[in-house]
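In: have a look; sequence and predicted model below, questions after that.
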Number of protein chains: 4
Amino acid sequence: MAVHTPGPVRVAALGAGRIGANHAEIVARRVPGAELRAIADPVPGAAERLADELGVDVVSTDISATLRRDDIDAVVIAAPARSHTDLVVEAAEAGKNIFVEKPMAVTLQDADRAIAAAESAGVVLQVGFNRRFAPGFAAARAAVDQGRIGTPQLLRSLTRDPGPFGGDPDRTPPWTIFLETLIHDFDTLCFLNPGAAPIRVHAMADALIRPDARNSGFLDTAVVTIAFEGGALATAEASFSALYGYDVRGEVFGSAGMITAGSAASTDMVLYAADGMSVDTARRDTDLLRSAYIGEFTSFVDAIRSNTAAVVGGHDARVALSIALAAIRSVETGAPVDLADIDVVGAR
Amino acid sequence: MAVHTPGPVRVAALGAGRIGANHAEIVARRVPGAELRAIADPVPGAAERLADELGVDVVSTDISATLRRDDIDAVVIAAPARSHTDLVVEAAEAGKNIFVEKPMAVTLQDADRAIAAAESAGVVLQVGFNRRFAPGFAAARAAVDQGRIGTPQLLRSLTRDPGPFGGDPDRTPPWTIFLETLIHDFDTLCFLNPGAAPIRVHAMADALIRPDARNSGFLDTAVVTIAFEGGALATAEASFSALYGYDVRGEVFGSAGMITAGSAASTDMVLYAADGMSVDTARRDTDLLRSAYIGEFTSFVDAIRSNTAAVVGGHDARVALSIALAAIRSVETGAPVDLADIDVVGAR
Amino acid sequence: MAVHTPGPVRVAALGAGRIGANHAEIVARRVPGAELRAIADPVPGAAERLADELGVDVVSTDISATLRRDDIDAVVIAAPARSHTDLVVEAAEAGKNIFVEKPMAVTLQDADRAIAAAESAGVVLQVGFNRRFAPGFAAARAAVDQGRIGTPQLLRSLTRDPGPFGGDPDRTPPWTIFLETLIHDFDTLCFLNPGAAPIRVHAMADALIRPDARNSGFLDTAVVTIAFEGGALATAEASFSALYGYDVRGEVFGSAGMITAGSAASTDMVLYAADGMSVDTARRDTDLLRSAYIGEFTSFVDAIRSNTAAVVGGHDARVALSIALAAIRSVETGAPVDLADIDVVGAR
Amino acid sequence: MAVHTPGPVRVAALGAGRIGANHAEIVARRVPGAELRAIADPVPGAAERLADELGVDVVSTDISATLRRDDIDAVVIAAPARSHTDLVVEAAEAGKNIFVEKPMAVTLQDADRAIAAAESAGVVLQVGFNRRFAPGFAAARAAVDQGRIGTPQLLRSLTRDPGPFGGDPDRTPPWTIFLETLIHDFDTLCFLNPGAAPIRVHAMADALIRPDARNSGFLDTAVVTIAFEGGALATAEASFSALYGYDVRGEVFGSAGMITAGSAASTDMVLYAADGMSVDTARRDTDLLRSAYIGEFTSFVDAIRSNTAAVVGGHDARVALSIALAAIRSVETGAPVDLADIDVVGAR
């Protein structure tokens, strides 16, 4: 079932919202060996509009029916976060290869359920940790692997969403900053410290952008510290509102040197004017990380065609999730949390 | 004839050498709305090898026959420089839309011949001045258009090919540094100083990388100064051997500010080690300018599909060529040369 | 007593070690209105050697006698850290203006004792938090004051000493990384978040450079998280061994933007060679921060001459110390620590 | 006479205008081993005002009398450019060591006269080519000397004065852009290409900032190309009005790599705000190049005290002047000019 036959990989896009549309466009137009065959979105008209733009014939409001189509080899899940696990399982049971946006799951049981379903079905399961495919971050990992900075000792990863924050705190699920935003940084830190498991987590978080929503549990600003096996100490930082645009950066300090990766600059143009030197910044993740998005879908399709495992899969998602869950508990308790305890307790 | 019918633009790649292969891969895989239908190269086996890699069925050693095929809408000419004009004319007469690598021509008569043929046939004629599509240079032009630096007064453009220089001076056509290398910079300077015509040119050139070849007329290093209508003064600079990689940069200084564009950095990763901070540099034009190459072919296909003129066409190539011819005469005579004289004399 | 009479401020350098010699040279040669009158160091010959170099007549191995001299207006204390408080008190009682290297004290009682002595004597008391005078950090604070980034929400400060680490863990006093290294970052974070008091601290630390010394309590790597009144979250990071040189950087993210300050680059020269672009890095604090050192002593002398308070004084040292003490307790207990508890308990 | 006796070098500042005041302050306060003893300026009150600020006792409106004082070892000539040579000769004849702002002379006869006078008197003669002492440019030269970029082949140096241009074209002496502005770049290019003599010069220049003054011979924008022995080609560029501040940069491309030096940034602070990333730029030469100014006077005083030749002296000034004179003739004739012809003809 997992052995891909010749011809392009036929993909169904499940979810046609902002990020789903980004993924669909990339699969349709930018990935060699892929064909966007179908688009499904429960919102009436959403799939049609995107399909028109991309020249796709098959549209549906029924995601479950779409993922079962015979003329589909793979699905891209970009539906609401809380539906991801069920869709992964459903797609796996239908024998489809799966790309799922982060988070793959928000409980460890769900993570295990998704992993088991994909393994049982023998399908590719890739998780949308796009930063691994950003050229600077990929080069950083290569440099770590080459020993250019020695053993990692201090790491940093941050995500700042472009502001002003326009979300609705009341419609933001609890702990979103950990489960959906910092989850990228937790994976990045593991990616940049290969072979070392996280063991202890401490988090501080607050509602600084929307202090009015603090009492309802909304959090928009957070700092998480993670101790890894081997001793490396890492910091992850997030904000929902960077007025200068989308900001994604990483740093690895090791026994022989340091690496930084990521830049907010949108091009290499520098403007010098009466108020100084300036560089325009990217406003959207889909602009700043466009080559990363193209890279992750190219990698996904390559994995399917070559019948190999995804570069970043279910187990990576589970590790990042476990850090997120520990961070959440740390905020709840005001104390550091051992990952071992999260693993024992298992669910939230 | 020039009105494109629905469906992808079917392209034939004429020339499967290093740059032809780059272009073919981009057309085949990276440009929405394009289909690479055929590859032709007179070198036995060259077209086949590339076609296998890209999944193209039609291959030939006969370029003329290929460009006449009925199932072809457009050609990409990446053959030796001295054959460009004839191929443009031939393709135009066959009613095909044309993308031609620079230089489109090496005499003004040839430039006029190519332009006339394309106009007469009503086909799109685009020239491979890729730098216009590099994000930093495109942003620079946009900033000029927006008046962010006022009126351009001093400009600079440079091209340094990656070293060590491995070419054979004996097999390098005379004046290559002006006709094939600096031609990019001449176009870039016009692009960054829109609406102003070049009027006077002075050039100095030498064989510094291969001084042994100086006596045979080989030139590998050059500096050209150009005065434009309105008074702006520009410098173009080239070398055949930059040991640090491919280097393409531009600068526009105006009455209200300055812009710089271009960077040799290959990613945004910075490495700090015992010998200082460092950034890896790109070695090949096809790496450093990859997004520019994708951009120019996307623009070419869009022009065909929307039945509009190319963003950078035959007249732009003619202007850049006239600067190159003036620079050559300046080296020959040791004196500045007025463009008006080049235009009157016409041919070389 | 504190009113400075006309003429240069006559300074005694107390301590002629590495950093004492740096300070003495700056006072002697780089600070308008200052005169280095005397040098004292208990190590035989140390004061003489430095005095010869700087053309100073008065040398002594008796620090206490030196600070009491009638021809001295001010002292620069660069003796071992644990002697700082007593020397501050002694100098204050002698009516001398005081510049004391950090840490001014390592217990809150001692901090209070130093502050009280200076206040009682009416002398200037300045603490060696040089980073406040580094041009980039000073510009960062100015930008914060001007509201250019809005309200600070996320801050970062780091100190990495140049490696390879050549210290002797057995001769490094306990908690040095907090009391002598990170004390700079604690002050920097307060400086860049003006008007907000630190309220809660969490720290993780380890011996990663010298794991063999871990069991004896040696720590060479640390990450500290600090929550401030108003909600801002800050991270301080330190390592004893950066192979690329001395690294001091800061970052302030606010509701309207972000600032970064600090660079490891030693000049604005960039070298492009076969292995990429590179910039040399500064190896020593006294090189990287030379203008900061000159700035702090210029400010000290200005304060004396204008009979005003030091720009950074005893209370700033006490706040930074309280964070350091909380960080130490956090490492001891494995839990976050409220500053209020440190203040109540008072001493360590 | 040239052997300096112990004690500080006693300096008279000749000229108390903007740049003279800068130099006086540096000599008075920033240079070890120097003492500013006297200030002279023919403008009534000018010397007094500066002397008050710097605590200098001796003031005069008589420059000639001042430079003859017995209690003076050295003079700093910062008078109007056309008086420089006469003052150099006068000071040399009085046995004083001489620092003269550029240009030392505006004719080759005058240059020779100044050089001969200093040699005959055995005094130090240093010329104000400050860029040699800017840390980035000094590091660039060191890297060239170390062979890090191989043999120089392409060079660039530029000077852009901060705008908006507030000068009066009618009161600007003819050819100022070559004799007073680009003279810095001519020296810089020689400095960065050590051991190679300039042999041929071409220049283009215009009045682009003040086109209304073009007819009276005013020039505010220029590009000069210089061919050196050994084949290196260099470009010098100047403008009188850079709205973003003072801009001084250099570039050396060689057979093994490239160096860039100079930056308009005023500190290492980077601000990220709604309109992108930005860095403040320095507005004045005395800010951007402050460490260069301190460096050149420190070097001058060291030369006097150690009885050695100046690091940059009369012969360097003569070479730079010869390039300037060739550039002027090139503008006059519209043709390139051989330096040999300038040397034969000698004077202007």
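Out: Good, I have the coordinates. Numbers count the residues shown, from 1 in each chain, chains lettered A, B, ... in the order given.
In: tell me who's in contact with whichever residue of the stretch 51-200 of chain A sits closest to chain D.
Out: The nearest approach of the stretch 51-200 of chain A to chain D comes at A:G163, 8.7 Å away (Cβ to the nearest Cβ). No exception for glycine: its C-beta is placed from N, CA and C like everyone else's. By Cβ atoms under 8 Å, 6 or more residues apart in numbering or on different chains, the contact list for A:G163 reads A:I209, A:F240, A:S241, A:A242, A:L243.
In: and the second one, helix, strand or coil?
Out: Taking DSSP: H, G, I helix; E, B strand; the rest coil as the rule, one finds A:F240 in the strand state.
In: with adjacent residues omitted, what lies nearest to it?
Out: Leaving aside its sequence neighbours, A:F240 sits nearest to A:D220 (Cβ to Cβ, 6 or more residues apart in numbering or on different chains; 4.1 Å).
In: picking that back up, for the residue of the stretch 51-200 of chain A closest to chain D, grab phi and psi.
Out: Main-chain torsions, A:G163, degrees, to the nearest 10: phi -110, psi 180.
In: could I get the pLDDT score of it?
Out: As predicted, A:G163 sits at a pLDDT of 95.
In: separation between the residue most central in space within chain A and A:L182?
Out: For chain A, the residue nearest the mean C-alpha position is A:F129 (3.4 Å; Cα atoms, centre = their mean). Taking Cβ to Cβ, to the nearest Å as the measure, A:F129 falls 12 Å from A:L182.
In: what does A:L192 give?
Out: Shown here: A:L192 relative to A:L182, a distance of 15 Å by Cβ to Cβ.
In: wait, which of the contacts of A:G163 is closest to chain C?
Out: For those, the nearest to chain C is A:L243 (5.3 Å; Cβ to the nearest Cβ).
In: count of neighbours near that closest one?
Out: 22 (other Cβ atoms under 10 Å in any protein chain shown).
In: neighbour-wise, which of the contacts of A:G163 leads?
Out: Among the contacts of A:G163, A:A242 has the most neighbours (other Cβ under 10 Å), with 29 neighbours.
In: thought it was touching C:S255?
Out: No - A:A242 sits out of contact with C:S255 when judged by Cβ atoms under 8 Å, with a separation of 9.9 Å.
In: for A:E35, list each beta-bridge partner.
Out: Using DSSP bridges, the beta-bridge partners of A:E35 come out as A:R10.
In: please tell me how far it sits from A:D62.
Out: Distance from A:E35 to A:D62, by Cβ to Cβ: 21 Å.
In: flag every residue of chain A that's near chain B.
Out: Contact residues, chain A versus chain B (Cβ under 8 Å from any Cβ of the partner chain): A:28-30, A:32, A:135-140, A:143, A:148-149, A:256-263, A:265-274, A:280.
In: are any of the residues you listed buried, and which?
Out: A:28-30, A:135-140, A:143, A:148-149, A:256-263, A:265-273, A:280 (16 or more other Cβ atoms under 10 Å in any protein chain shown).
In: inside strands: which ones of those residues?
Out: Counted as lying in strands by DSSP state E, out of these, are A:G257, A:M258, A:I259, A:T260, A:A261, A:V270, A:L271, A:Y272, A:A273.
In: which among those gets closest to chain D?
Out: If you rank those by distance to chain D using Cβ to the nearest Cβ, A:Y272 comes first, at 3.9 Å.
In: that closest one and B:V252 touch, don't they?
Out: No - look at A:Y272 against B:V252 with Cβ under 8 Å: they stay out of range, at 10.2 Å.
In: low-confidence stretches in chain A?
Out: In the predicted model, chain A carries pLDDT under 70 at residues A:1-6, A:343-348.
In: get me the contact residues on the stretch 151-300 of chain A for chain D.
Out: A:242-245, A:247, A:264-265, A:272-281.
In: show me what secondary structure element comes after the helix or strand hosting A:A111.
Out: Assigned by DSSP states H and E, A:A111 belongs to helix A:108-121. Remark: after helix A:108-121, the chain's next helix or strand is strand A:125-127, criterion DSSP H and E.
In: which residues touch A:F133?
Out: When contacts are counted by Cβ under 8 Å, 6+ apart, A:F133 touches A:S291, A:A292, A:Y293, A:G295, A:E296, A:S299.
In: same question for A:I149.
Out: Counting by Cβ under 8 Å, 6+ apart, A:I149 touches A:A143, A:V252, A:F253, A:G254, A:S255, A:A256, A:G257, A:M258, A:I259, B:L271, B:A273.
In: helices of the stretch 101-250 of chain A, start to end?
Out: Assigned by DSSP state H, counting those that start in this stretch, the stretch 101-250 of chain A shows helices spanning A:108-121, A:135-145, A:176, A:182-192.
In: can you list these in TSV and add distance to chain C?
Out: Shown next, in TSV, are those (distance: least, Cβ to the nearest Cβ, whole Å):
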stretch	distance to chain C
helix A:108-121	24
helix A:135-145	11
helix A:176	17
helix A:182-192	12
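In: name the stretch among those that sits most buried.
Out: Ranked by mean neighbour count, the helices of the stretch 101-250 of chain A are led by helix A:182-192 with a mean of 27 (mean count of other Cβ atoms under 10 Å in any protein chain shown).
In: gap between A:A205 and chain C?
Out: Going from A:A205 to chain C by Cβ to the nearest Cβ, to the nearest Å gives 8 Å.
In: please name the nearest non-neighbouring residue to that residue.
Out: Closest residue to A:A205 apart from its sequence neighbours, by Cβ to Cβ, 6+ apart: A:A222 at 3.8 Å.
In: quick check, that neighbour in contact with A:A238.
Out: Yes - using Cβ under 8 Å, A:A222 is in contact with A:A238, at 5.2 Å.
In: between those two, which contacts overlap?
Out: Common neighbours of A:A222 and A:A238, counting by Cβ under 8 Å, 6+ apart, are A:I177, A:L182.
In: give the contact list for A:A303.
Out: Residues near A:A303 by Cβ under 8 Å, 6+ apart: A:N97, A:V124, A:Q126, A:A309, A:A310, A:V311.
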